[in-house]
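J.: Let me see the structure of the following:
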Amino acid sequence: MNRKQQKAVQDAIQELESAKENYPKNFNSLHEGYAVLKEEVDELWDEIKMKNPDELKVYTEAKQVVAMGLRIMSEF
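T.: Below is the predicted model of the structure:
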């Protein structure tokens with residue numbers, strides 16, 4: 001794994017930890033987890049569709065997508 005990939009993984013894990021601090025309750029169901037994940041994917045897609053997408057916003061939204069995927073994986 002290269003440095004950029006390592007940083008991305010570390011950032012996603014930090015995002016997951018932050019989300020768990022802010023929203024400590026586990027998802028009530030896989031459906032709820034999917035809804036949260038879909039919301040993050042939609043936000044990423046909205047940024048990607050911009051005429052001039054902001055790279056930091058794309059990175060941030062992608063990080064949130066990964067974090068919610070990890071949360072689903074770790075809770076079910």
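
J.: Next, the contact list for E40, please.
T.: For E40, the contacting residues are E61, Q64, V65, M68, by CB atoms under 8 Å, 6 or more residues apart in numbering. Where C-beta positions appear, they are placed from N, C-alpha and C, glycine not excepted.

J.: Dump those to CSV, plus distance to V36 and pLDDT.
T.: Listed next are these as CSV, based on distance: CB to CB, whole Å; pLDDT from 0 to 100:
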residue, distance to V36, pLDDT
E61, 13, 98
Q64, 9, 98
V65, 10, 98
M68, 5, 98
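
J.: export these to TSV and tack on neighbour count and distance to E15?
T.: Formatted as TSV, the contacts of E40 follow (neighbours: other CB atoms under 10 Å; distance: CB to CB, whole Å):
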residue	neighbour count	distance to E15
E61	21	11
Q64	22	6
V65	21	10
M68	24	9
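
J.: Can you flag which of these belong to helices?
T.: E61, Q64, V65, M68 (DSSP state H).

J.: Show me which pair in those residues is furthest apart.
T.: E61 and M68 (10.8 Å; CB to CB).

J.: Which of the contacts of E40 sits closest to H31?
T.: M68 (13.5 Å).

J.: any idea how far that closest one lies from P24?
T.: Taking CB to CB, to the nearest Å as the measure, M68 falls 15 Å from P24.

J.: With that, I have no additional questions.
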